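1. Give me coordinates for this.
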Amino acid sequence: MTKQEEVYKFVAERGYTKGYTKEQFAVRQVIKLIEELGELASAIRPAVHGWALQELLDDMSFMGELAREAFDRNQDWALRDVPVPLNEDKEVQEEVGDMQVVLWCLAQSLGFESGDVAYEKSKADRDRGVRAEKEAQ
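-> Prediction:
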């Protein structure tokens, strides 16, 4: 099993795929990526000089907060019918690949293996369950 497959398995065991179609889960992952990008923008903001870049990072941080709220609203995840399943859509595949290139280059420039970090985080998180359910209790 590849690390990618194992990370997906850990996320599924945590409960994040439960009740969603493949396409709904995929769209939720895009929203989750926006949340994580917002958190990364907040983390790197102190290293950035220049008003325009700082303002962009602030906007990204805000979008990340909105994405977290959207991700946790389980009732909002109905999808329209799509003419081509997302897993067969070449543009979707290319954009995911483009993002992976950026993430791998980011990790390499900072001197760590992002696949290892993703694996360890998802493995550790699987027993925590779904965030929205935990926060509602």
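
2. ok, residue 58 - contacts?
-> 41, 45 (C-beta atoms under 8 Å, 6 or more residues apart in numbering). (C-beta placed from N, C-alpha, C; glycine too.)

3. where's it, which helix or strand?
-> Element membership of residue 58 [criterion: DSSP states H and E] is helix 51-72.

4. got the contact list for the most centrally placed residue in the chain?
-> Centroid-nearest residue in the chain, with C-alpha atoms, centre = their mean: residue 33, separated by 2.8 Å. Shown in contact with residue 33 (C-beta under 8 Å, 6+ apart): residue 99.

5. And for the one 5 residues further on?
-> Contacts for residue 38 were tallied using C-beta under 8 Å, 6+ apart; they are 60, 61, 62, 63, 64, 65, 67, 68.

6. Would you check that the last one makes contact with residue 28?
-> Meaning residue 68. No - applying C-beta atoms under 8 Å as the test, residue 68 and residue 28 come out as separate, 11.8 Å apart.

7. Could you measure from residue 131 over to residue 74?
-> 11 Å (C-beta to C-beta, to the nearest Å).
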